[in-house]
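1. my questions are about this predicted structure, shown below with the sequence.
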Amino acid sequence: MSKATEQTNTLVIGASAAGLATAACLKHEAIPFILLEQVEHVAAVWRRHYDRLHLHTNKALSALPYLPMPGDYPKYPSRDQVVAYMETYTRHHGLQPRFGQQVTSVRRENNRWITETQDTRYESAHVIIATGYTRQPNIPVFPGQEAFTGTILHSSQYHNGEPYRGQSVLVIGFGNSGGEIAIDLCEHGAQAAVSVRSPVNVIPRDVFGIPILSIGIAMALLPPRLADVLAAPLMRVLIGDIEKWGLKKLPYGPNQQIRQDSQIPLLDIGTMKLIRAGKIQVFPGIERLTENGVRFTDGREAAFETIVMATGYRPALADFLAEVAQVTNHEGVPLVSGQESPLPGLYFCGFHVSPTGMLREIGIEAKQIAAAIRAKPEG
């Protein structure tokens, strides 16, 4: 059976933060668009995160364009509050996502963009991909994994620590998800440990009551290396010597890490306190899994009943974007976000790792994209 065909000026793929923000900005500019979402609700990315998750950036600087977060929200809203905000945002702007539209192909033909779902062919002058970093869990396979008799799950499958009460649990990874999951496990009575393969930076979420995001906005005006040099003495006072607790420190600071590695340092919301108290044990990288646990690269072995892989995600744009090699780097991450890609009419929103907060960056990018499309003759 042939697919239905629809035409529009702009097609937006994804109805979580980036897609909703972009759609609202397009509407603000009176640009015709269609918004697609593969599941049956908005904010799918946020809904599948673990229960304890809160924004690590404060609400005042994390609202999407043209609608502040509710005044009665705490400084750092919970996952459920962020989801509720995005539902309100959708209604407030009169957005009408087309749910259950699984994009299978995006390609350029005759100076138009052809996007296909399971039942519809969309033709548009512009396509905005707002599917984000977290489309596909990054799940490594370790030597000896087939012999491990415990439970292994990715952080995308982790909800809360209650099922692991009384267990010995290893969290692989020391990003913000790994750090908070380790806290959650401790709060639920598990014996938590973290495996940290690479050197890291750790920064506080707040500095004397001021959100680190606000400081990051000011520091963003400086070269990353200079910003790190100026901040280093304060970081030593607030965080201390992380190597004393079994962590290796990156030879450069957090601002340079974000710019150079496109990675956010650990925003500490209590992980380091639990490490210093001996409630979270720190191990290096993994050499291999054993029947009952893990052998680490320093020769130590430890038994674990459960392993949680907080090993991140991949954008997985190659799953549907035909010209992916022309617009992404070797890791599959878009070369530019918030502006037109090397291919005319193709935009990405929400793929730039920013020292001033991802939701804030999404809002900036969404406005830039809508303005750029409005400025085009066919816009």
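-> Looks like it came in fine.

2. relative to the whole chain's centre, how far out is stretch 72-82?
-> 17 Å (CA atoms, centre = their mean, to the nearest Å).

3. can you list contacts of it?
-> 43, 46-47, 49-60, 62, 69-70, 85, 205, 211 (CB atoms under 8 Å, 6 or more residues apart in numbering). All C-beta spots, glycine's among them, are computed from the backbone N, C-alpha and C.

4. quick one: residue 201 and residue 345, what's the gap?
-> Using CB to CB, to the nearest Å, one gets 38 Å for the distance from residue 201 to residue 345.

5. tell me where the stretch 51-200 of the chain has helices.
-> For the stretch 51-200 of the chain, the helices defined by DSSP state H, counting those that start in this stretch cover 79-92, 176-187.

6. I'd like these laid out as TSV, including mean neighbour count.
-> Below are the helices of the stretch 51-200 of the chain laid out as TSV (neighbours: other CB atoms under 10 Å):
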stretch	mean neighbour count
helix 79-92	18
helix 176-187	23
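
7. how about the contacts made by the spatially closest residue to residue 250 that is not a sequence neighbour?
-> Using CB to CB, 6 or more residues apart in numbering and skipping the chain neighbours, the partner closest in space to residue 250 is residue 199 (4.3 Å). By CB under 8 Å, 6+ apart, the residues touching residue 199 are 247, 248, 249, 250, 251.

8. got a PyMOL select line for the buried ones in those residues?
-> The buried residues among these can be selected in PyMOL (16 or more other CB atoms under 10 Å) with this line:
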select buried, resi 247+250
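
9. pull the most distant pair out of the contacts of residue 199.
-> The span of the contacts of residue 199, defined through CB to CB, is set by 247 and 251 at 13.5 Å.

10. where does this structure dip in pLDDT?
-> Low-confidence segments of the chain, defined by pLDDT under 70: 1, 378-379.

11. would you map out the domains in it?
-> 4-135+315-375, 138-309 (automatic domain parsing).

12. just say helix, strand or coil for residue 377.
-> Put simply, residue 377 is coil when judged by DSSP: H, G, I helix; E, B strand; the rest coil.

13. thinking again about what came up before, which of the contacts of stretch 72-82 are buried?
-> 43, 46, 49-50, 52-59, 62, 69, 85, 205, 211.

14. from residue 255, how far out is residue 217?
-> For residue 217, the distance to residue 255 - CB to CB - is 12 Å.

15. tell me which of these two has more neighbours.
-> residue 255 (25 against 16; other CB atoms under 10 Å).

16. now the more buried one, nearest residue through space, not along the chain?
-> Leaving aside its chain neighbours, residue 255 sits nearest to residue 224 (3.9 Å; criterion: CB to CB, 6+ apart).

17. you'd agree that neighbour is up against residue 261?
-> No. In this structure, residue 224 is not within contact of residue 261 by CB atoms under 8 Å, at 11.0 Å.

18. which residues in the stretch 251-379 of the chain form strands?
-> Taking DSSP state E, counting those that start in this stretch as the test, the strands found in the stretch 251-379 of the chain are 266-268, 280-283, 286-289, 293-296, 301-303, 306-309, 313-314, 346-348.

19. out of those, which is the most enclosed?
-> Highest mean neighbour count among the strands of the stretch 251-379 of the chain (mean count of other CB atoms under 10 Å): strand 346-348, with a mean of 26.

20. which neighbouring elements make contact with that one?
-> Counting contacts by 3 or more CB pairs under 8 Å, 6 or more residues apart in numbering; DSSP states H and E, strand 346-348 packs against strand 120-129, helix 358-375.
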